[in-house]
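Engineer: here's a sequence, model it:
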Amino acid sequence: MKYWKEVEAAHGAPDQLERLFQVARKENNEAAFKADVVACHRAAPDNLLYAAWFHRLESVTSETSVEPRNTNWKHALPLSIVTGVILWLLSDKRLVYQPDQMPYLVHLAPPVLAVFAVAFLSVTARKGYRRALWGSAALAAAVSYVTFLTPDNAHYRLLMAPHLLLLSWTVVGFSVLCEGASTLNKFAFMIKSLEAIVTGGVFLIATFVFSGITLGMFLVLDVEITDTIVRLMFVGLPGAIPILAIASSYDPLSSPVDQDFKHGIGRLIVTFPRVLLALTIVVLVIYLVTIPFNFLAPFENRDVLIICNVMLFAVMGLLLGATPVTVEDMSERLQNGLRYAIMMVGALVVVVSLYTLAAVVYRTIGHGLTINRMTVIGWNSINIALLAMLISRQCRIGRAEWVPALQQTFSEGIPAYIIWGGFVIIATPWIF
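Structural biologist: Numbering: from 1, shown residues only. Okay, here's the model as predicted:
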């Protein structure tokens, strides 16, 4: 915990605790300070100084929580419309790679959305314009690089879809997090990213239902619907959703750690992954039990291997979502249960990851190194290293610091993901 030792040392010094609070405010880390005060208050409930600060911070939180957030629809709505129109135009059937007819939109959609998201965040916050400009320029350069190299490399072209998505998310994070951002801020940004994705998913479902019903009504009347209108309904309208989802779930005027994680879909993001942890443990145990009965399946079947790797990334996202931003509203019993559940899932995933990695290495030895196999080996190795680090830290640290240790592990994984993703984008077309 960032201030825990200082707060504990100031258990009988009101002036020191006040100075520490002012330092936390200047560093934009009030949430971390509050979490550490709460932890010390629970460890020493008879300490009047901790009790006073606990109730003081709780009253501040309750006062600020009832104030409605003013969403910047003035800029969100126009930017979302422009984004939707651009994606609609890019969805033209003529804009495809040859000969596999893969749409340019697969590569262009994430960078376009990221550029407009960065524009919305910067304009609303009235700062970060230089980072937004540099990030957008980097995305434009990456898309140009990929587009130039993909015509003669179908495997590279297919791999670039998720990697350009990762790069686009990185640029949004770069625009939000200033240089030297704290671990808690980085972690809070990742959680808010999940919330924006879920919010956008809910909006998209409603949009697709609306578009389907609308087109169905006209088809019943034998009205001919042109491809242009179909693309407008199923690409243009959904293309406007991400900016609206970001505007609904993220406040650009506050740092990531000061966002609201306790209401609306944000509460769902905090709660639902924890519920899924128990089910994930059951599924992973059953999977490990069945491995000996069909041990060679991923070694011989490429499709099984792909499914395993997708599942591992999904579980990593689940562990991220299950990790709390703070533990101020969690009982000690719930904290212990959540901690051990995360450690158990992490250990099970390491075993499955090693099994999957062995299958990829086996296929590489037997059939040679390909761009796909090298990419998967790199991602699996990073995930295994992060999970091993997660488990090791949880075994070494005490219960008081288990949440910061988790957050630190996920935050330290960001550079590894970015570096490997950048390597795949830049280097692999020249290696293969």
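Engineer: where in the stretch 101-250 of the chain is pLDDT low?
Structural biologist: Under the criterion of pLDDT under 70, the regions of the stretch 101-250 of the chain flagged as low confidence span 178-180.
Engineer: residue 111 - nearest residue in space that isn't next to it in sequence?
Structural biologist: Beyond its immediate neighbours in the sequence, the residue positioned closest to residue 111 (CB to CB, 6 or more residues apart in numbering) is residue 139, lying 4.4 Å away. Every residue, glycine included, has its C-beta placed from N, CA and C.
Engineer: may I see the buried residues of the host helix or strand of that neighbour?
Structural biologist: Per DSSP states H and E: residue 139 is located in helix 129-149. Within helix 129-149, the residues that count as buried by 16 or more other CB atoms under 10 Å are 131-132, 135-136, 139, 142-143, 146, 149.
Engineer: the closest residue to residue 175 other than its chain neighbours: neighbour count?
Structural biologist: The shortest distance from residue 175 to any non-neighbouring residue, by CB to CB, 6+ apart, is to residue 118 (4.5 Å). Residues lying near residue 118 (other CB atoms under 10 Å) number 25.
Engineer: if I look at residue 118, how far off is residue 353?
Structural biologist: Going from residue 118 to residue 353 by CB to CB, to the nearest Å gives 33 Å.
Engineer: picking that back up, helix or strand for the residue nearest to residue 175, which one?
Structural biologist: Counting by DSSP H and E, the element that carries residue 118 is helix 105-125.
Engineer: what are the structural domain limits within the chain?
Structural biologist: For the chain, whose domains are defined here by automatic domain parsing, the residue ranges read 4-65, 73-257, 261-431.
Engineer: before we move on, the earlier item: of the buried residues of helix 129-149, closest to residue 182?
Structural biologist: Checking those against residue 182 by CB to CB gives residue 131 as the nearest, at 17.1 Å.
Engineer: the nearest residue to that closest one once chain neighbours are set aside: neighbour count?
Structural biologist: What sits nearest to residue 131 in space, not counting adjacent residues and going by CB to CB, 6+ apart, is residue 175, at 5.0 Å. One way to gauge burial is a neighbour count; for residue 175, by other CB under 10 Å, it gives 27.
Engineer: can I assume residue 175 is in contact with residue 133?
Structural biologist: No. The pair residue 175 / residue 133 is not scored as a contact, 9.5 Å apart, by CB atoms under 8 Å.
Engineer: so residue 299: helix, strand or coil?
Structural biologist: helix (DSSP: H, G, I helix; E, B strand; the rest coil).
Engineer: now do the contacts for residue 42.
Structural biologist: Contacts here follow CB atoms under 8 Å, 6 or more residues apart in numbering; on that basis residue 42 touches residue 332.
Engineer: next one: residue 386
Structural biologist: Applying CB under 8 Å, 6+ apart to residue 386 gives the contacts 316, 409-410, 412-413, 416.
Engineer: so it, which state does it fall into?
Structural biologist: Each residue gets one of three states, and residue 386 gets helix by three-state DSSP.
Engineer: quick one: it from residue 32, how far?
Structural biologist: The span separating residue 386 from residue 32 equals 22 Å under the rule CB to CB.
Engineer: same check, this time on residue 47
Structural biologist: As defined by CB to CB, residue 47 lies at a distance of 20 Å from residue 32.
Engineer: more neighbours, the two?
Structural biologist: Of the pair residue 47 and residue 32, residue 32 is the one with more neighbours under other CB under 10 Å, namely 23 against 15.
Engineer: wait, the more buried one touches residue 183, no?
Structural biologist: No. In this structure, residue 32 is not within contact of residue 183 by CB under 8 Å, at 9.3 Å.
Engineer: quick one: the helices in the stretch 151-300 of the chain, in order.
Structural biologist: Using DSSP state H, counting those that start in this stretch, the helices assigned to the stretch 151-300 of the chain run over residues 154-176, 183-220, 227-231, 237-239, 241-249, 264-290, 297-300.
Engineer: tabulate these in JSON lines, adding columns for distance to residue 114.
Structural biologist: Rendered in JSON lines, the data for the helices of the stretch 151-300 of the chain read as follows (distance: least, CB to CB, whole Å):
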{"stretch": "helix 154-176", "distance to residue 114": "4"}
{"stretch": "helix 183-220", "distance to residue 114": "12"}
{"stretch": "helix 227-231", "distance to residue 114": "22"}
{"stretch": "helix 237-239", "distance to residue 114": "13"}
{"stretch": "helix 241-249", "distance to residue 114": "9"}
{"stretch": "helix 264-290", "distance to residue 114": "21"}
{"stretch": "helix 297-300", "distance to residue 114": "34"}
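Engineer: of the ones you listed, which approaches residue 7 most closely?
Structural biologist: Minimum separation from residue 7 across the helices of the stretch 151-300 of the chain (CB to CB) falls at helix 183-220, 15.3 Å.
Engineer: right, I'll leave it there.
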